[in-house]
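Asks: sequence plus the predicted model coming up.
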Amino acid sequence: MMKYLKTKHPIEFHGSHQNTPPQPTGTTFNITDNGHGQQAEQGQVEAPEVGVQPFIQPTLRDVISKREVYKEGGHKKKQLDDLVVKMIVKDLQPLSVVEDEGFRELVTALDSRYTLPSRRELVRTHLPRLYQQKRQRSHEELGSASYIALTTDIKAN
């Protein structure tokens, strides 16, 4: 009952808990026309409280779209695939990490619509693409340099 009062009648609920008359929390304005061409009594009408949002039930289309997996070649799928490849490269993880049961459970818990790429897909498409991107970027940076200095560090025992 208290939850119902709090969500459906917030002004009365808060007023009864403070033992003071409820204070208008919304904007007030004067009403002079009631919409039927007749003059209504001039008085103050309260606008609904700003902080209270009614529960909106999701549509069937919204629920179904949240269960569909990301399309192969779609923007979100590509973005997540690239992040998995970068994690493998940066953290020096083996490619088989995408086949580990614990890692799969983690990814599914984070986003159930995402399916991890297979190890074969990583080797044939994602890693070569990342390699080409890095190679192209390095080539552009070295091509614009006026001078390059290379050094070696040889330790003598």
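Replies: Perfect, thanks for sending it.

Asks: tell me the helix or strand right after the host helix or strand of I64.
Replies: Here I64 is covered by helix 60-65, with elements defined by DSSP states H and E. Using DSSP H and E, the helix or strand that directly follows helix 60-65 along the chain is helix 75-90.

Asks: leaving out the residues flanking it, which one is nearest to the spatially most central residue of the chain?
Replies: Closest to where the C-alpha atoms of the chain average out (CA atoms, centre = their mean) is D111, at 10.4 Å. Ranked by CB to CB, 6 or more residues apart in numbering and with sequence neighbours excluded, the top spatial neighbour of D111 is L80, at 7.4 Å. Glycine gets a C-beta too; all of them are placed from N, C-alpha and C.

Asks: so the one you found sits right up against Y70, yeah?
Replies: Yes: contact criterion CB atoms under 8 Å: L80 and Y70 qualify, at 7.4 Å.

Asks: who's more crowded, these two?
Replies: Neighbour count, other CB atoms under 10 Å: between L80 and Y70, L80 has more, with 20 against 17.

Asks: show me where this structure has strands.
Replies: Using DSSP state E, the strands of the chain run over 28-30, 44-46.

Asks: about what we covered before: please tell me how far the residue nearest to the centre of the chain sits from D62.
Replies: Relative to D62, D111 is positioned 17 Å away (CB to CB, to the nearest Å).

Asks: how is the chain divided into domains?
Replies: Following automatic domain parsing, the chain resolves into domains at 1-25, 74-140.

Asks: format these as a markdown table; extra columns: mean pLDDT.
Replies: What follows is those, written out as a markdown table (pLDDT from 0 to 100):
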| stretch | mean pLDDT |
| --- | --- |
| domain 1-25 | 68 |
| domain 74-140 | 95 |
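
Asks: circling back: ok, the residue nearest to D111 - contacts?
Replies: Y70, D111, Y114 (CB atoms under 8 Å, 6 or more residues apart in numbering).

Asks: what's the answer for T108, then?
Replies: Per CB under 8 Å, 6+ apart, neighbours of T108: Y114.

Asks: burial count for H126?
Replies: For H126, using other CB under 10 Å, the count is 20.

Asks: can you name the residues that contact the nearest residue to it once chain neighbours are set aside?
Replies: Leaving aside its chain neighbours, H126 sits nearest to V85 (4.6 Å; criterion: CB to CB, 6+ apart). The contact partners of V85, by CB under 8 Å, 6+ apart, come to L122, H126, L127, L130.
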